[in-house]
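In: Here is the input, now give the coordinates:
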Amino acid sequence: MTIGVTGKVTFGVAAPDNSFTRDDSNKRWTKKLPADGDYRISVFTQESAESYELTVSIQ
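Out: Sure, this is the predicted structure:
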């Protein structure tokens, strides 16, 4: 999975086992998904984010 954001936001990803990537000012993240199931992407605002773009690609 590859995730990217533009704008004044960051994000984290929760795996099916509820483990969560740390919100460390991610703008782009690529990782092989270790397990089947539902993954949750949370977007966090920095300052006053009026608009942002989130792209997700699963291959």
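In: Does residue 25 touch residue 11 like I think?
Out: No - checked against C-beta atoms under 8 Å, the pair residue 25 and residue 11 is beyond contact range at 9.8 Å. The C-beta positions use only the backbone N, C-alpha and C, and glycine is treated the same way.
In: Compare the two (neighbour count), which wins?
Out: Ranked by neighbour count (other C-beta atoms under 10 Å), residue 25 and residue 11 place residue 11 first, with 21 against 10.
In: Who is the more buried one paired with across the strands?
Out: Using DSSP bridges, the beta-bridge partners of residue 11 come out as residue 43.
In: and residue 35, what element?
Out: Of the helices and strands defined by DSSP states H and E, none includes residue 35.
In: my guess is it meets residue 17, correct?
Out: Yes - taking contacts as C-beta under 8 Å, residue 35 lies within contact range of residue 17: 6.8 Å.
In: what's the burial count for the closest residue to residue 42 other than its chain neighbours?
Out: The shortest distance from residue 42 to any non-neighbouring residue, by C-beta to C-beta, 6 or more residues apart in numbering, is to residue 12 (5.1 Å). A count of neighbours around residue 12, defined by other C-beta under 10 Å, yields 17.
In: so how far is residue 58 from residue 12?
Out: Using C-beta to C-beta, to the nearest Å, residue 12 is found at 17 Å from residue 58.
In: again with residue 6
Out: The value you get for residue 6 to residue 58, if C-beta to C-beta is used, is 19 Å.
In: for residue 4, same thing?
Out: Counting by C-beta to C-beta, the gap from residue 4 to residue 58 is 13 Å.
In: thinking again about what came up before, when residue 6 and residue 58 are compared, which one has more neighbours?
Out: Between residue 6 and residue 58, residue 6 has the larger neighbour count (other C-beta under 10 Å), namely 12 against 8.
In: No more questions from me, cheers.
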